[in-house]
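Asks: how would this look folded up:
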Amino acid sequence: MQECAPTRGQAGSSVLSYFCGMNSVASHKFSARTQLATLLLAGTMLAGPAFAQAVQPPAVPAPTVPAPSSEAAPTAATIRSITVNGNQRLEAQTILSYLRLRVGQTYDRAMLDQALKDLAATELFKDFQISDDNGALTIQVVENPVINRVILEGNKRLKEDKIRPEIKLSPRQIFTRSKVRADVARIIELYKRQGRFAATVEPKMVQLDQNRVDVVFEINEGPKSKVRQINIIGNEKFSDGDLKDEMATKQSSLMTILSSNTSYDPDRLAYDQQKLRLFYLSNGYADFRVISAVAELTSNKQDFIITYVVEEGERYKFGKVDVESELRDFRPETLKTLLPMKEGDWYDAKAVEDTVESLSETAGLFGYAFADINPEFRRDPETRTMDITFNVAESPRTYVERIDVNGNTLTQDKVVRREFRLNEGDAFNSFGVKRTENRINSLGYFQENLEIERKEGSAPDRIILETNVEEKPTGELSLSAGFSSIENFLLQASVRQRNFRGLGQQLQASVNYSSYSKSIELGFTEPYLFDRNISIGGSVYRRDLNSFNFINNDRQTTFQQITTGAQVTVGVPLTEYLSAFGRYSLNFDDVTLDRTLYYFGDDCDPLVAGRYLCDAIGKRTTSLLGFTLAYDDRDNRIRPTRGQAMSVSQDFAGLGGDVKYVRTRLNGSKHFNLGSRFILNISGEGGYIYAFGSPPTPTSDKVRLTDRFFLGEPQMRGFDIRGVGPRVIRFGLPANYDPAAPVLDTSLANRNNQVDDALGGRAYYQARVEVDIPLGSGAKELGLRPSVFLDVGSVFGVRRPDLTTLGDFLDPADGFTKNLCRNSTTGTQSFATRAADAAAGTQFTTCPEGTTSNLSPFEERFFGDTWMPRVSIGAGVNWNSPFGPFRIDFAYALRKEEGDDTKRFSFNVGTQF
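Replies: All right, here's what the predicted structure looks like:
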């Protein structure tokens, strides 16, 4: 590039010119078909010193003009005229407005030099000069081109919508080199913030006709710069590993492959210094300081090496700890007993900080919203003790002046305001504010972790509570298809609005279809009836359920239950955490069996279906009146981190209808925040059903099969669906059994070759301990939420059914065990015979012509009716995948009873489209 310098004009005139153009021209292939001339703009612009050197503007020496000859103009002369040539877009008057030269004004060489500098400062021209012909000044300019397009090439990790806002160049602007350099610097800084310090940007200019150009930023993103190593110098009391665990920045390794904290971030480096300081202060090292923290970029610009130099100092203990209060409701002697630290304990800055926060919250309970609590420290280096006095300054009791709700465009104000536990004019209460935050978060209408801001009011004793919400979508319209390990292929269509009309109402409609269940349901819930704290809801539904078992890996439908009904629910709060709900349901059930498989003549065949299934068939009406008493103080009902929820419910069937029973259930759960985002959930539930009246048949249980409790997947992982509890299993005879003395194969090793019917029970219990494991931000962004769990439970309490034995296949005429030949048309049966050419000892399997079924001998056994717990452990993960929600569990049954059906692996996935 040429340096800008003045030159003399032609002989006989005083001509001063100033050239500031670009002369490095290269060919640039702008597209596959067109070759365009490309002007390089200051070469490759890099990050760091090389980049700084590349983008320095050219030095502009002060123009000087050699002394004129005797024929030249005098040193001071008068401007006779000023002419502008070469301008295309800019008016001559506009160009002259940038200069201080005027017609009739005296001028000298210094003023012409200044005029050249003024033209250069505009950055509007790539070439310009001033000719002086005895006071007739001619300004010759070549304008900078106009930008036609700004093009980005090579950007893959950062999309254009992220880079474009950083670029100030735009079409129809005048091209200037300084703007290009500034845009390059901004793009490189953007990549630095993404951890790509090796990124380079090469700006190029493609010349077009009519003095137009395309500006092309060729980007080489380079690899993401990782933290290769973290060095700590000066630490003696704690190991490098202990200190690195406290840092947010992590060294790049296979163990941190999913973490986004392995890239270098200057802000994170400063944060880590604060984390180190807090760690040492929390362990008693009050004099700790970070002397230096240096991040060095390797020569290939792909990795960083971070080095900390620390000074640990001496370890301190708490000395005298006291409280002084100027608030009349705060008695120092009482507060002192509540302090967590005692004299002689190791000094802990985190405990001091938590104590200040706790005292502030306590003051808030008494209405002091702006309580001033200052810990006063007195350090004694000789005894290495730290005396602390918590000073509670005098402040006025605060009242709520105003409650503001901002940001709600769909949700009506009253929906948010009715969740407030404080009203305008009430005395301020920090507990009420916290409870309000939890209730608004539990609505699920707004952003997570919403907080209510506290602002000073019009007077020192007034406070304004401001709630800034960010609404998120509450309507759901989904069509999904998927595969379940329980129901094979399934389809679902649903429409749900959790904030209908912005009033907090819930409206839903859903249709589900799979191989073994079908349902349709319409529902509506009004949480505040007539703006009173009374909820009411209703639903109508139809559900078709096919119960099944396995035979040789094939699912066989046992019975079909069709339920058509409606339910109405009413709820009222009794206290802040205690609510009562009442409900009424009316159901019409029709339980049927496949007549071609399970009927003999016009009656259910107990030999094929089992007497327990035959007792379940029929039509019945259930009129159900129930209530629930629920206690819930969790911080968030959608994704709780602390608190507990408990409920007791009872349903009474018999207010009309054909079924009479009382069903009682208890539920409880408690969540613990273990720190570091680990959440522990302990839950338990149980139930019992008691039937009135006589059983359907003298040999059956009072509680019908369809009304009993069942347990298994997905409620209890490690077991198959309905895999826990009482069941009847059919055992057949081996292929070459002796008809005179048959021996059953009672092995449970191959469950797929046996008919297995779960009977359920009148009582059940279940408990679960589960820990949610936090992951790095990278995995969190993917929607992964892993957990480990322990499940315990059992279902039991059913009358032992009458079972089929081998004796039912024994021919009393000769004492041999034989197949049964049955004719469902005539309702007759007979024993099978041997084939005509069969040898003695072979089975009796030949039936006469007209037989509709040839039933091989089998025997039924009853298993699992015990309260003894089943126990399973395992791990699972929820993934909000692009294809829909995905849940996978791997569980192992530690304890089971004979007959239980276990299952180690289960998953469920759906695809939204």
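Asks: burial measure for His448, as a count.
Replies: Not quite, residue 448 is Glu, not His. Residues near Glu448, counting by other Cβ atoms under 10 Å, number 11. Every C-beta, even on glycine, is put in place using the N, C-alpha and C of the backbone.
Asks: what does the one 4 residues further on give?
Replies: As a burial measure, the neighbour count of Ile452 was computed by other Cβ under 10 Å and equals 18.
Asks: now Thr383
Replies: By the criterion of other Cβ under 10 Å, Thr383 has 10 neighbours.
Asks: from Lys317, how far out is it?
Replies: According to Cβ to Cβ, to the nearest Å, Thr383 and Lys317 sit 8 Å apart.
Asks: and Asn636, by the same measure?
Replies: Between Asn636 and Lys317 the distance, using Cβ to Cβ, works out to 39 Å.
Asks: out of those two, which sits in the more crowded spot?
Replies: Under the criterion of other Cβ under 10 Å, the comparison of Asn636 against Lys317 puts Asn636 first, with 18 against 15.
Asks: next one: the more buried one from Asn587, what distance?
Replies: When Cβ to Cβ is the yardstick, Asn636 and Asn587 sit 34 Å from each other.
Asks: give the buried residues for stretch 410-426.
Replies: Thr411, Val415, Val416, Glu419, Phe420, Arg421, Leu422 (16 or more other Cβ atoms under 10 Å).
Asks: for the second one, helix, strand, or coil?
Replies: Of the three states, Val415 takes helix under DSSP: H, G, I helix; E, B strand; the rest coil.
Asks: for the residue lying closest to it once chain neighbours are set aside, give its distance to Phe581.
Replies: Taking Cβ to Cβ, 6 or more residues apart in numbering as the measure, Val415 lies nearest to Gly504, with 4.6 Å between them; neighbours along the chain are not counted. Gly504 is 17 Å from Phe581, where distance means Cβ to Cβ.
Asks: centre of the chain to the top strand by length along the chain, how far?
Replies: When the chain is scanned for its longest strand (criterion: DSSP state E), the result is strand 554-573. The gap between the average C-alpha position of strand 554-573 and the chain average comes to 32 Å, counting by Cα atoms, centre = their mean, to the nearest Å.
Asks: could you do stretch 212-230 as well?
Replies: Averaging C-alpha positions (Cα atoms, centre = their mean) puts stretch 212-230 30 Å from its chain's average.
Asks: okay, and for the protein, where does confidence drop off?
Replies: Scanning the chain with the threshold set as pLDDT under 70 gives 1-76, 253-261, 476-490, 515-516, 547-559, 749-753, 776-783, 880-885, 908-913.
Asks: where's Cys614, which helix or strand?
Replies: Element membership of Cys614 [criterion: DSSP states H and E] is helix 611-616.
Asks: quick one: residues in contact with that helix.
Replies: 558-559, 591, 593, 598, 604-606, 695-697, 699-701, 704-706, 728, 757, 759, 801-803 (Cβ atoms under 8 Å, 6 or more residues apart in numbering).
Asks: list the contacts of the helix or strand following that helix.
Replies: Where DSSP H and E defines the elements, the next helix or strand beyond helix 611-616 is strand 618-632. Contact with strand 618-632 is made by 565, 577-591, 643-659, 663, 696, 704, as judged by Cβ under 8 Å, 6+ apart.
Asks: out of those residues, which are buried?
Replies: When burial is judged by neighbour count using 16+ other Cβ under 10 Å, the buried members of the contacts of strand 618-632 are 565, 577, 579, 581, 583-587, 589, 591, 643-647, 649, 651, 653-654, 657, 659, 663, 696, 704.
Asks: so which of the residues you listed belong to strands?
Replies: Members of those lying in strands (criterion: DSSP E): 565, 579, 581, 583-587, 589, 591, 643-647, 649, 651, 653-654, 657, 663.
Asks: so how far is Arg417 from Leu806?
Replies: Using Cβ to Cβ, we find Leu806 at a distance of 74 Å from Arg417.
Asks: that should have said Asn441, apologies.
Replies: Here the distance between Asn441 and Arg417 works out to 15 Å (Cβ to Cβ).
Asks: and for Glu424?
Replies: Taking Cβ to Cβ as the criterion, Glu424 is separated from Arg417 by 10 Å.
Asks: give me the common contacts of those two.
Replies: Any residue near both Glu424 and Arg417 by Cβ under 8 Å, 6+ apart counts here, and that gives Ile403.
Asks: list the buried residues in stretch 116-135.
Replies: Neighbour counts using 16+ other Cβ under 10 Å place 116, 119-120, 122-133, 135 of stretch 116-135 among the buried residues.
Asks: repeat for stretch 493-510
Replies: Going by neighbour count (16+ other Cβ under 10 Å), the buried part of stretch 493-510 is Arg496, Gln497, Arg498, Asn499, Phe500, Gly502, Gly504, Gln505, Gln506, Leu507, Gln508, Ser510.
Asks: please apply the same query to stretch 667-680.
Replies: Asn667, Gly668, Ser669, Lys670, His671, Ile679.
Asks: show me the contact partners of that stretch.
Replies: 634, 640-649, 681-685, 769-774.
Asks: the same query, at a cut-off of 7 Å, please.
Replies: The list of residues contacting stretch 667-680 from outside it, by Cβ atoms under 7 Å, 6 or more residues apart in numbering, reads 634, 640-647, 681-685, 771-774.
Asks: of the buried residues of stretch 116-135, closest to Ala735?
Replies: Distance from Ala735 was checked for each of these by Cβ to Cβ. The minimum falls on Glu123, at 97.3 Å.
Asks: in contact with the closest one, which residues?
Replies: Shown in contact with Glu123 (Cβ under 7 Å, 6+ apart): Thr176, Ser178.
Asks: how close does it get to Arg397?
Replies: Glu123 sits 63 Å away from Arg397, going by Cβ to Cβ.
Asks: likewise Val591?
Replies: Taking Cβ to Cβ as the measure, Val591 falls 67 Å from Arg397.
Asks: repeat that for Asn144.
Replies: Shown here: Asn144 relative to Arg397, a distance of 68 Å by Cβ to Cβ.
Asks: more neighbours: those two, which one.
Replies: Using other Cβ under 10 Å, the more surrounded residue of Asn144 and Arg397 is Asn144, with 21 against 15.
Asks: OK, contacts around the more buried one?
Replies: Contacts of Asn144 (Cβ under 7 Å, 6+ apart): Leu124, Phe125, Lys126, Ile174, Phe175, Thr176.
Asks: same question for Met111.
Replies: Contact analysis of Met111 by Cβ under 7 Å, 6+ apart lists Leu101.
Asks: how about it, secondary structure?
Replies: Here Met111 takes the helix state, with states given by three-state DSSP.
Asks: so of the buried residues of stretch 667-680, which ones are in strands?
Replies: Asn667, Gly668, Ser669, Lys670, His671, Ile679.
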